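1. Generate coordinates for the sequence data below:
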Amino acid sequence: MGGANGKQVILEDDIQFLVKYTDLKEEEVKEHYENFITNHPKGKMDKSSFTEMMNLCYPDSDKDNIQKHIFRMYDSNKDGIIDFREFMFVVYIMSSGTPEENLKQIFKLLDINSDGSVSIGEFKRVIRDMFLLTNEREVDSSIQELLAEKAFIEMDSDSDGKVTLEEFIKACLSQKKFSTMLTLKIIDVFTD
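-> A predicted model of the protein is given here:
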């Protein structure tokens with residue numbers, strides 16, 4: 001994103017990236033950019049404006065914890081800002097991507113410290129925060145923890161105490177019971 005005469009404009013690189021990695025046509029990218037700029041005149045979404053968007057999407061939910069995880073998923077370059085390219089790429093993947101592409105984004109959500117693997121602690125934390133977001137407080141915390149532990153055990157195929165991206169994708173695509181259940185729950189957050 002760049003500026004011309006005080007107005008934000010989309011860079012050709014961003015257009016070409018989104019055309020190449022999504023099914024969007026150039027005109028569609030430009031149209032989405034105009035909508036994005038209407039809501040974010042500086043061409044970027046900081047944590048404050050992301051919070052506003054989350055409040056619109058989930059008005060009656062406890063979203064304070066999960067929004068940090070979701071923000072991290074969008075902020076792929078980890079600069080504390082979500083630009084149009086980052087935003088559209090994740091929106092596209094979560095709505096129209098392949099199962100593997102969706103799972104890669106979900107893995108980023110789970111990998112709190114961005115070290116390339118998910119510990120049981122990270123997994124439990126995101127699952128707890130997700131249940132709060134979806135207003136499922138009636139699901140007892142011990143049941144949430146048990147679900148998270150069972151899914152983690154299914155995913156951790158080499159039993160080293162961490163789940164890699166490859167293990168996560170394999171467990172989900174092979175439709176292991178608890179892994180699939182929790183992954184579908186996370187996907188519901190993005191499709192409801």
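2. What ranges in this structure fall below the confidence cut-off?
-> Along the chain, the parts satisfying pLDDT under 70 run over 1-7, 58-63, 65, 133-139, 189-192.
3. For it, which segments count as helices?
-> With DSSP state H as the definition, the chain shows helices at residue ranges 12-21, 26-39, 47-57, 64-74, 84-96, 99-110, 120-133, 141-155, 165-173, 177-191.
4. In the fifth one, which residues are buried?
-> By that I understand helix 84-96. Buried residues in helix 84-96, counted by 16 or more other CB atoms under 10 Å: 84-90, 92-94. In short, each C-beta sits where N, CA and C put it, glycine included.
5. got it, and stretch 28-44?
-> Of all the residues in stretch 28-44, those buried under the rule 16+ other CB under 10 Å are 29, 32-33, 36-37, 40, 43-44.
6. got it, and stretch 163-182?
-> Buried residues in stretch 163-182, counted by 16+ other CB under 10 Å: 163-165, 167-172, 176, 178-180, 182.
7. start to end distance for that stretch?
-> 15 Å (CA to CA, to the nearest Å).
8. Repeat that for stretch 78-86.
-> End-to-end distance (CA to CA), stretch 78-86: 11 Å.
9. from the buried residues of stretch 163-182, which is closest to Glu52?
-> Looking at these and their distance to Glu52, the nearest is Leu182, at 28.1 Å (CB to CB).
10. Name all residues that make contact with the nearest residue to that closest one once chain neighbours are set aside.
-> Among residues not flanking Leu182 along the chain, Ala151 sits closest, at 4.8 Å (CB to CB, 6 or more residues apart in numbering). Taking CB atoms under 8 Å, 6 or more residues apart in numbering, we find Ala151 in contact with 123, 171, 176, 178-179, 181-182.
11. Return the distance of Ala151 relative to Leu165.
-> Here the criterion is CB to CB, to the nearest Å. By it, Ala151 lies 15 Å from Leu165.
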